[in-house]
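1. Sequence isn't available, so here's the structure alone:
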C-alpha cells in the first residue's frame, strides 16, 4: 500500500472510532419518552424544596415548617385563631327508655273482694290523693266501701266496670307524672364515669322532647345479656312531655370545666405519627407537636407544646400540612 | 443495466409518464388512508386488567384481588412482565407482552385466564380488561355543562348528578357505537342512586336492624312473571309488577307491624337521591363538571375518529335538554391538522425554492419544474409505502423529511442533461431534434446515475443505526427512518425513469450553453480560490483537519438529548398533593390551581380530572389531578413568548399556592407516561419482599446510601405509605361474650359506612341502585360511629350494643398503594445521575448498597431504570455505527473499484459534519437524534458531491487530460451541480430552521445541521477534495 492509502485508511479508522467514541460517551443521557425540559425543571424544583426542608430540619431541631404568603393563605381559606383558655363540656352518650317513676306509681286494689258498684275514675283522669275511684260491695260484709287513690296523679289503667267482681287483680294504675324516670343503659367500660346526681341531658329519638335531670341511682345488678347497668335519671314532667315507653338518647355530662389552653379540633393534624398544631409566626407556619388532653368534640385541651397567645391555624390546617409534605407528593403508576 | 433502464424509460416515455401518474393517484388515494397522528406511538403491547373493589383498602385489594389475578396470568406465552398496583377500591394489573405480539391474541389469552380466576375472587368483583387503545387513544374530550339559567321541567336547576345521568344514558351510548371508538370514559359529576338513610336510634327504638331494612326493601321491589293463562282462545301473560319507581314508593314500603300499627320506611329512614362514594371528579374553570373522553381503537386514524366524534356530538347536542350542552374541549384534529399544515408548508416551500434556485442557476424553467415535480411525486409514493407498511404519519416521520436532499439526485441528472444539451446545441448551432434529444438525455443521465445511485444507497446505509434502536427509541425513530429511506428510494426511482423521460420530452427549447450571471459570478470567485488551494495543498488540508478536530472537541462538550420533545401545542400538568388528601379537599385546591392558570391571557380553557375515572385507565388517587391547559393559537397571545417561557411563568404563579407540587407535561405525553409507566428516572432500585414496613425501611436505607454516592440527584422513595386509615379492630373476647361473629359487626359497619345495595330502581331503560347507608352527618362523625348500634343475636331482650363495646377504633397510617412486579411486592427507590457517567454510578451504588444496607432474609433487590435502555442502545450503536461507516467505504469502493478514490470521497464526511456541529453549537441546540439525522443526510450530500466530482475527474483523466488539468477542469465543470445541490438543500431548509410551529422541535436541529454542514461540505467538495485528489495521484 502506498503511504497515502495508509493515511486515508487511518482517517477512515479515526472516523469509525470517533463514531464509537461518540456513542460510548457517558454523558449521553436520555430524556425519558415524552418528557420535556419543563419536567426536568419541575423535578429540580421539587428537589430544591426537599433540600430547603432538610436544612430546616437540621437547624430547628425536628421542626417542620413552610412559608405561605398571607395573600395565598387567605385565598386557600386558612383561618387563624389564638390559643387560650376554653370551657369544655364532655358528654357520655347513653340510650334507654322512659319508664314511670317506680316510687310514684301505684296499683290500686280492692281491699275486700266484691262486686263493683260504681266507677268514677276514667283513664287519663287526674285524681287527688284520697279521691274515690270506685265503690265496691264486699262479699263478706255486703257493705259498700270506696276505693280511693293512694296518691295524686293520673289514672293510667282501669281494668273494671260496673258489675265486675273485684278480687286480687289491681283495679287501677295511678301514677304521679310530675316526674318520670329515664332508664338508661351504661356499658361496663363507661361505668366509672357515671355517678349519682350527675347531670344527664335526655332527648327523645326524634329530638322533639328534651330535658335534663340528675342520676338518681345506679341499679346494683347487671343485665345478664347485655352486661349493662341500668341508671335511673329523674326527669321533670310537669307538662307531661315525657311519655312512658318513649325511646330516648341521653348524654351524661362528664365535666364542664375550664381548661387553661385549648385549640379547635380542626386545628389538629397528624404529622409523622405526632399530633401537631401549626403555629404562625410572620408568614412562616411551623408544626408544633402537642400533647392533648380532654376534648368535647369541638375544642381540645393542649397539655404541652403550645403556649397561650400562640396564633394557630384553626381552619384548613390540612393545606399547611400538604404544603409541608408537598415535596413528597408524586404521581406513580 | 442502469443505462438500459434509462434507455427504456426514454423510449417508453409516455408509458413512464402514465405509470408515474398512476403511482401519484395511488399515493393520493393512500393519503386518505394514511393514519396521521401528531406523534409516533410509543406504547408497548400491554393489557390492563382493572378490578373495581368498592371499599377495599390497598391491603385487601392486593390480597384478595391482585394476587389471584397475577397468579393466574403467570406463564402466559410471549409474556414480558406483569406489574400491578393496588389502591383504595381498585386493583390494576398490567400485563406487558413482547414486542410484536398481536394485541388481540394477547387479550384472548388473558380472557381465558380471567375466566378461570373469577371463582377465586370475592363475590361481586368483576375483573375487566382496559380499552383496546394505545397512548394516542384519548383523541377527544368534551364537557357536559348546563347554562346557569337552564331549568329542568320541574323548575329546579341542573345538578352535577343530572349531568352525569345525561352523560351515562344519553351521550355515551351514542358515542360508544361510533366506528373507531373503543370506549368512552367518563369522570365527574355524581352517579345517581336512591339512598335510604336510616336513623340508627329510630331503628333501635323499633327494635329493627339494618339488615331487616335491606331485606324488606329487597322483598318489595320486584316484578314477577307468572306464566300465562288461556281464555277464549287468547293467551294472557301474567305479570305482577311490584317495582318501586320513586322516592315516595320507597318511603311507603311497610317494614313491620306493631300493635295494629304499620311501620313504614319513612318512619325510620329518610329517602333521597344520592351518589356512591366517588373515586374521581372533574372540574373546569373552578366548577365541577362532567368530562367525557373518547378513546380510539388501536390502529384507527385519529383524525377520522375525532372528527366522527365531533360530528356525532353535534347531533347529540340537539337531543339534550334545553340549556345543557356537550362541548368539545380537546380535539386531536387540531393537532393533526397542524401536523399536516407543517408538512404541506414544507412541500410548498421546498418546491418553490427548488424551482427558483434551479431557474436561477440553470436558466431553464422547464428543467426546474421537472425537478420540482419530483418532490410531490416522491412524497406520494412514500405515502403509499407508509400505508403498506403501517407506518403512521406524524411530526417525527413527516416533519423530518427534507425535500432538498430528496431531489439532489434529480438535480444532478438534470444539470448534466442541460449541460450536454447546451454543448450539443452549441456544437450543432441549432435546436436538437427528437432523436438527438433522446439519445443525449440517455447518455447524460447514464453519466451521473451511478454516483447519484450510490449517494442514495449510502444515505440509506447511514440510516441503519436508527433501525437498530429498540424499545421506546425504536418506536419513536423507526417511522422517521422508514419515511426518509422510502422517500429517497422513490426519488431514486424517479431519477432513473421519470426524470430522463421528462427531460427528453419537455426540454425542447434552446438551452443556454453559456452560464448565466449568477454562475459567472460564482466562477469568478471560485477559480482563484481553487488555484490557491491547489498550489498550497498542505495549508488547505491543515486548515480542514484543524476545523474537524475543533468541531469534535465542541461536539464532545455539547449537551445531548436523546429524544426530542414534540410540542403538542397544549399543556398538561399533574397537580399533586400529599397522600391521603380527600377528593373534596383536592377539588378545593384544584379550583385555585385552575383560577391561577385561567388568569393567563394565553389560556383558552383549563379543565382537570381528579382521581380515577369510571374506566380506570389511569388509576390516580384523589390527591392527584391531571390538569389540562388548552392554549389559544399563538397569534392571539398578547405578547410573543415561547411555550417554555409560558410554562415557566405558570410554574412561578402556581408555586405560590400552598400544598401543591407540579409536574408539567403535555396531554399525549402524559398518557404515554401513564401507559409505559415503568421507571422514568436514570436508576431505579427495586426492593422486593413481603412486609411493606420492612420494605419501606430498607428502601429508605437505600435512598440514604444512594444520596451519598457522587452524582446522585433527585433521590426519591416511592410514596408507598401515608394513607390515613380508621381501623375498627373487633375485640374477639367481647364478641364472644355477646355471642356475636366478627362478620355481624363487619356487616353493620359496611352497610352503615359504605352502603349496601338493596336492589335497583328502574326508570325506563335507566336503572339506578337502591342503597342503604347512614346519613352523611353520622357517617363522618367518629363518635356516632363508636355508638353505632350492633344488634345482638335473637333471643336476648335488649337487642343492641354500641360498636365501641366490641371494637376499638384506631386512627393510623397505612400503605398508600401496593405495587407489585412479576408477582412480588416491590418498593422503588429512584435517582437521577448528574455530572458523572451512568455506568460507574450504577457500579458504585451497587457496591455501596451491598456494603451498607442489610436486607432482611427473603428480600432482594433489582436494578432498573433508563440506564438499562441507554446501555443497550449504546452497545448496539457502538457496533452498528462503525459497521455503517465501513459499509459506506465498501460501497464507495464498489463505485470506483479503487480504495484510494473511496477513501478520498469518504474524507468529505468529517468536514461536512464540522459545519453542522458549528451551526448547532452557535444556535445552542443540543445534540439529539434529529440532529443526528441531519448529520446522516449531510454525509449523504457530501459523499454524493464527492462521488460526482471524483468520477468526473476520473473520466477526464481517462480521456487523456493531465492530472492537474483534469482536476482543475473537473472542479470547474462540477461547480454548478455542487452549488445547486448545496443551495437547494440548504436554502430549502431556511424556513424550517426558523420555524416555530408544529414540528419545529424536530426540524430545527435537523435544518440547522444541514445548513451549516452543507456550507462546509460545499467548501470541502470544491476546494479540499480537488486538492486532496491532486496530492493523492501526483506521483503517478
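-> Happy to help now that I have it. Here the structure is a predicted model, which means the values were calculated and not measured.

2. Going along the chain, name the strands of the stretch 801-950 of chain B.
-> With DSSP state E, counting those that start in this stretch as the criterion, the stretch 801-950 of chain B has strands at B:807-815, B:818-821, B:824-833, B:860-864, B:927-928.

3. Those into TSV, with extra columns for distance to residue A:182 and mean pLDDT?
-> Every C-beta, even on glycine, is put in place using the N, C-alpha and C of the backbone. Output for those, formatted as TSV (distance: least, Cβ to Cβ, whole Å; pLDDT from 0 to 100):
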stretch	distance to residue A:182	mean pLDDT
strand B:807-815	27	86
strand B:818-821	50	90
strand B:824-833	54	87
strand B:860-864	64	87
strand B:927-928	82	76
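
4. so can I have JSON lines of the ones you listed showing mean neighbour count?
-> Shown next, in JSON lines, are those (neighbours: other Cβ atoms under 10 Å in any protein chain shown):
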{"stretch": "strand B:807-815", "mean neighbour count": "15"}
{"stretch": "strand B:818-821", "mean neighbour count": "21"}
{"stretch": "strand B:824-833", "mean neighbour count": "23"}
{"stretch": "strand B:860-864", "mean neighbour count": "15"}
{"stretch": "strand B:927-928", "mean neighbour count": "23"}
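
5. okay if I get those strands as CSV plus distance to chain A?
-> Below are those laid out as CSV (distance: least, Cβ to the nearest Cβ, whole Å):
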stretch, distance to chain A
strand B:807-815, 7
strand B:818-821, 7
strand B:824-833, 8
strand B:860-864, 13
strand B:927-928, 9
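
6. shaky segments in the stretch 51-200 of chain A?
-> Within the stretch 51-200 of chain A, the ranges that satisfy pLDDT under 70 run A:51-63.

7. Residue numbers of it in contact with chain B?
-> Contacts of the stretch 51-200 of chain A with chain B, taken as Cβ under 8 Å from any Cβ of the partner chain, map to A:66, A:68-69, A:71-73, A:75-78, A:93, A:95, A:185, A:187, A:189.

8. 10 Å instead?
-> By Cβ under 10 Å from any Cβ of the partner chain, the residues of the stretch 51-200 of chain A that approach chain B are A:66-69, A:71-73, A:75-78, A:91, A:93-97, A:185, A:187-190.

9. In terms of pLDDT, where does whichever residue of the stretch 801-950 of chain B sits closest to chain A sit?
-> Of all residues in the stretch 801-950 of chain B, the one sitting closest to chain A is residue B:837 (2.6 Å; Cβ to the nearest Cβ). Predicted confidence (pLDDT) for residue B:837: 72.

10. So it sits against residue B:683, correct?
-> No - when contacts are counted by Cβ atoms under 10 Å, residue B:837 is not listed as touching residue B:683 (11.9 Å).

11. Looking at those two, which is more packed in?
-> Each of residue B:837 and residue B:683 has its neighbours counted (other Cβ atoms under 10 Å in any protein chain shown); residue B:683 has more, 26 against 16.

12. ok now do that one, which residues does it touch?
-> Residue B:683 makes contacts with B:706, B:709, B:711-712, B:715, B:829-833, B:838, B:841-842, B:845-846, B:863-868, as judged by Cβ atoms under 10 Å, 6 or more residues apart in numbering or on different chains.

13. same thing but at 6 Å, please
-> Residues near residue B:683 by Cβ atoms under 6 Å, 6 or more residues apart in numbering or on different chains: B:831, B:865, B:867.

14. what's the answer for residue B:189, then?
-> B:160, B:163, B:164, B:290.

15. picking that back up, for the residue of the stretch 801-950 of chain B closest to chain A, grab phi and psi.
-> Dihedral angles of residue B:837 (phi, psi; degrees, to the nearest 10) stand at phi -90, psi 150.

16. Can you give me the distance of it to residue A:291?
-> 52 Å (Cβ to Cβ, to the nearest Å).

17. if you skip the residues just before and after it, what's nearest to the residue positioned nearest the centre of chain A?
-> Central residue of chain A (Cα atoms, centre = their mean): residue A:297, 5.6 Å from the mean position. Closest residue to residue A:297 apart from its sequence neighbours, by Cβ to Cβ, 6 or more residues apart in numbering or on different chains: residue B:783 at 6.5 Å.

18. quick one: what helix or strand has that neighbour in it?
-> Following DSSP states H and E, one finds residue B:783 within helix B:782-786.

19. residues in contact with that helix?
-> In contact with helix B:782-786 (Cβ under 6 Å, 6+ apart) are residues B:778, B:803, B:804.

20. any idea of the mean pLDDT in the helix or strand just after that helix?
-> Following helix B:782-786 in sequence order, the next helix or strand is strand B:789-791 (DSSP H and E). Averaged across strand B:789-791, pLDDT comes to 84.

21. Can you list the helices and strands that strand B:789-791 packs against?
-> Under the contact definition 3 or more Cβ pairs under 6 Å, 6 or more residues apart in numbering or on different chains; DSSP states H and E, strand B:789-791 sits against strand B:800-802.

22. how about the residues of the stretch 101-250 of chain B near chain A?
-> B:201, B:202, B:205 (Cβ under 6 Å from any Cβ of the partner chain).

23. Filter those down to the ones in helices?
-> B:201, B:202, B:205 (DSSP state H).

24. May I see those residues arranged in JSON lines, with neighbour count as well?
-> Shown next, in JSON lines, are those (neighbours: other Cβ under 10 Å):
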{"residue": "B:201", "neighbour count": "22"}
{"residue": "B:202", "neighbour count": "16"}
{"residue": "B:205", "neighbour count": "21"}
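
25. now, among these, which is nearest to chain A?
-> Set against chain A, the nearest of these by Cβ to the nearest Cβ is residue B:205 (3.4 Å).

26. what's near enough to touch the closest residue to the closest one other than its chain neighbours?
-> Spatial nearest neighbour of residue B:205, chain neighbours left out: residue A:247 (3.4 Å); criterion: Cβ to Cβ, 6+ apart. If a contact means Cβ under 6 Å, 6+ apart, then residue A:247 has A:97, A:205, B:205 as its contacts.

27. which residue does the stretch 1-150 of chain B bring closest to chain A?
-> Closest approach between the stretch 1-150 of chain B and chain A, counting by Cβ to the nearest Cβ: residue B:42, at 5.5 Å.

28. Assumed that residue was part of a strand.
-> No - Residue B:42 is assigned coil when assessed by DSSP: H, G, I helix; E, B strand; the rest coil, not a strand.

29. wouldn't it be in contact with residue B:477 here?
-> No - when contacts are counted by Cβ atoms under 6 Å, residue B:42 is not listed as touching residue B:477 (10.2 Å).

30. Those two: which is more packed in?
-> For residue B:42 versus residue B:477, the count of surrounding residues by other Cβ under 10 Å is larger for residue B:477: 25 against 22.

31. Below-threshold pLDDT in the stretch 201-350 of chain B: ranges please.
-> Looking at the stretch 201-350 of chain B by pLDDT under 70, you get an empty list.

32. now the strands for it?
-> Using DSSP E, counting those that start in this stretch, strands in the stretch 201-350 of chain B cover B:224-231, B:234-240, B:254-258, B:261-264, B:269-274, B:280-284, B:287-296, B:324-331.

33. got CSV for these, with mean neighbour count too?
-> As requested, the strands of the stretch 201-350 of chain B are exported to CSV (neighbours: other Cβ under 10 Å):
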stretch, mean neighbour count
strand B:224-231, 9
strand B:234-240, 10
strand B:254-258, 14
strand B:261-264, 12
strand B:269-274, 18
strand B:280-284, 25
strand B:287-296, 24
strand B:324-331, 19
